[in-house]
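**Q** sequence isn't available, so here's the structure alone:
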DNA sequence: CAGAATCCAGGATGATACTG
DNA sequence: CAGTATCATCCTGGATTCTG
C-alpha cells in the first residue's frame, strides 16, 4: 500500500472542524463555562465575562441553543426572567473542556520558560 | 460558603483560552493533522487542504512554529526543500485532537437527526 | 431584566502575481 | 519548490441606543 503524495486528510478532519465551529471562537467556551459554574441569567453571564457585549452574548447564546448545547426557558412574570442551562448534550463537552484546560496549562509552562 | 452573584470564572477559563489561541481558528488544526498524516513539505500541505492559500499557510506555519508545535528544517540544495515536522510538544496535542474528533462525530449524529 | 437594532472598525482571510 | 508582497474583501466583534 503506497503512501499517496500530499495525502488529502479532509475525512479525518471534518469532525474536528465541526467541533471548532461549535465551540471555537472567542466567546463560546467562556459562556459555556460561565453557565456550568452557576450563572444562568443573561446579565449574570454578561457580567461574569469581562468585555463581553450584549450583542455578542445574544448572538452566541443563539448559536449555542441552535447546537443544542444549552436550553432557554422564560418565566411568565414581569420583568421577564430567562434561564439558560446546559442540556445533556452540552454536558458531554465537559470532558473536552477539561482536556483543553489541561493542555493550556501544559502549554503555558512550556512556552513561558 | 455562599455562592457569589454572577461568579467571575476567568481564572478557570484562561488556560482554555490559551489553548484556543494556539490551535483555534480555521486552519491551524487542519495543518497540524496534515503534518501528522505524513505531509511535510509546503506544497504538499497546501494541496492536502482545500481552499488554503499560500499566504494563509505561510502565516499559520509561523504561528505554529512560534508556539513550538512544529519545527522547520531547510535543505541546502536547489531548489530549496523544507520539511515541517511535529515537535515533541506538538505531539502532546494528539490526544486533544482525538477528543475533538470524537466529540465532532458525536455532535454530528446528535444534530443531524 | 432581557434582548433587538444600528452602525462601524479592525483583523482574518483570499486571490493573484512575483522572487530566489 | 518555498515562500513574500499586495491588495481586496469578508466577517467577527464591539459601542451605543432603544424597546417590551
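**A** Yes, it's here. What you see is a predicted model; the values in this text were computed from it and never measured.
**Q** which residue lies nearest the spatial centre of chain A?
**A** residue A:29 (3.0 Å; Cα atoms, centre = their mean).
**Q** wait, that residue touches residue A:97, no?
**A** Yes - assessed by Cβ atoms under 8 Å, residue A:29 is found in contact with residue A:97 at 6.4 Å. (C-beta placed from N, C-alpha, C; glycine too.)
**Q** identify the contacts common to these two.
**A** residue B:16 (Cβ atoms under 8 Å, 6 or more residues apart in numbering or on different chains).
**Q** for residue A:27, give me phi and psi.
**A** Residue A:27 adopts backbone torsions of phi -120, psi -30, taken as degrees, to the nearest 10.
**Q** same question for residue A:38.
**A** According to degrees, to the nearest 10, residue A:38 has phi 110, psi 10.
**Q** now residue A:86
**A** phi -70, psi 140.
**Q** now do residue A:28
**A** The phi/psi pair for residue A:28 (degrees, to the nearest 10) is phi -60, psi -50.
**Q** any idea how many residues pack against it?
**A** 20 (other Cβ atoms under 10 Å in any protein chain shown).
**Q** which residues are in contact with it?
**A** A:22, A:60, A:63, A:64.
**Q** which elements pack onto the helix or strand where the last one lies?
**A** Put plainly, it is residue A:64. Using DSSP states H and E, residue A:64 sits within helix A:54-66. Packing partners of helix A:54-66 (3 or more Cβ pairs under 8 Å, 6 or more residues apart in numbering or on different chains; DSSP states H and E): helix A:28-36, helix A:42-48, strand A:70-74.
**Q** any low-confidence regions in chain A?
**A** Across chain A, the ranges flagged by pLDDT under 70 are A:1-11.
**Q** near DNA strand D, which residues of it?
**A** Counting by Cβ under 7 Å from any atom of the strand, the residues of chain A close to DNA strand D are A:25, A:26, A:27, A:51, A:52, A:53, A:54, A:55, A:56, A:60, A:79, A:80.
**Q** just give the nearest non-adjacent residue to the fifth one, would you?
**A** Counting by Cβ to Cβ, 6 or more residues apart in numbering or on different chains, the nearest residue to residue A:52 once its immediate chain neighbours are dropped is residue A:46, at 5.8 Å.
**Q** isn't the one you found right next to residue A:57, touching?
**A** Yes - the criterion here is Cβ under 8 Å, and residue A:46 meets it with residue A:57 at 5.4 Å.
**Q** give me the nearest residue to residue A:82, chain neighbours excluded.
**A** residue A:74 (5.0 Å).
**Q** again, but for residue A:81
**A** That would be residue A:75: by Cβ to Cβ, 6+ apart, it lies 4.0 Å from residue A:81.
**Q** how close does that neighbour sit to residue A:83?
**A** 8 Å (Cβ to Cβ, to the nearest Å).
**Q** ok, the two, which is more surrounded?
**A** Shown here are residue A:75 and residue A:83; by other Cβ under 10 Å, residue A:83 has more neighbours (14 against 10).
**Q** could you list every helix and strand in contact with the helix or strand harbouring residue A:110?
**A** Here residue A:110 sits within helix A:94-112, counting by DSSP H and E. If you count contacts as 3+ Cβ pairs under 8 Å, 6+ apart, helix A:94-112 packs onto helix A:28-36, helix B:10-23, helix B:94-112.
**Q** between the ones you listed, which gets nearest to DNA strand C?
**A** With respect to DNA strand C, and counting by Cβ to the nearest atom of the strand, the nearest of these is helix B:10-23 at 9.5 Å.
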